[in-house]
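S.K.: I would like to see how this sequence folds:
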Amino acid sequence: MDFLSFVAVALIILAVCVAMIISYSQQARRLQAIQAQLAKIEDSKPELLRQERAQWLDPLVLMEVQLNQSSEPVLDEAMLQQIEAARAAVKSLNERLVIAKEWMGAPFDLEWAEYLDRMPTLKKLYVATVFENETPTQSTHVVKE
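M.R.: Now for the predicted structure:
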């Protein structure tokens, strides 16, 4: 009887150990899933993305004010580069907000074109400069028969 009780106790201890190992592995997987979700949230905090977008747009608003105060508003190369950099950054940040499912739409989140619409002088000069510098890719000759 001693041998049977020893085997029974050993099997119970083994079953408890196996149950603890299974429980530990399940908890570890849950913890990894939670950490992955937290990392995803940390990477795309909507408030931080919106603050970064504002940091790109604020200098453009100041540029708009400057252009409005000038008698003959003109965009120089540095201004154009600043606008292009802001355009790329705003589009990227907006895409990250959409991917994170944090896009709220107007009036909180606007597309680049909508931000540009709020700066009419800057938009007019920027669009004119872009079209002026653009070279036609296809010839526009009309063939008469």
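S.K.: any idea which element the residue most central in space within the chain lies in?
M.R.: Closest residue to the average C-alpha location of the chain: R96 at 2.2 Å, with CA atoms, centre = their mean. Assessed by DSSP states H and E, R96 sits inside helix 77-99.
S.K.: just S5 next, same as before
M.R.: Assigning secondary structure by DSSP H and E places S5 in helix 2-43.
S.K.: now that helix: mean pLDDT?
M.R.: If you average the pLDDT over helix 2-43, you get 89.
S.K.: give me the next element, helix or strand, following it.
M.R.: Remark: after helix 2-43, the chain's next helix or strand is helix 46-69, criterion DSSP H and E.
S.K.: for that following helix, packing partners?
M.R.: helix 77-99, helix 120-133 (3 or more CB pairs under 8 Å, 6 or more residues apart in numbering; DSSP states H and E). Using the backbone N, CA and C atoms, a C-beta is placed for each residue, glycine as well.
S.K.: so which bits of the longest one are buried?
M.R.: Just to be clear, that refers to helix 77-99. Neighbour counts over helix 77-99 (16 or more other CB atoms under 10 Å) mark M79, Q82, I83, A86, R87, A89, V90, L93, N94, R96, L97 as buried.
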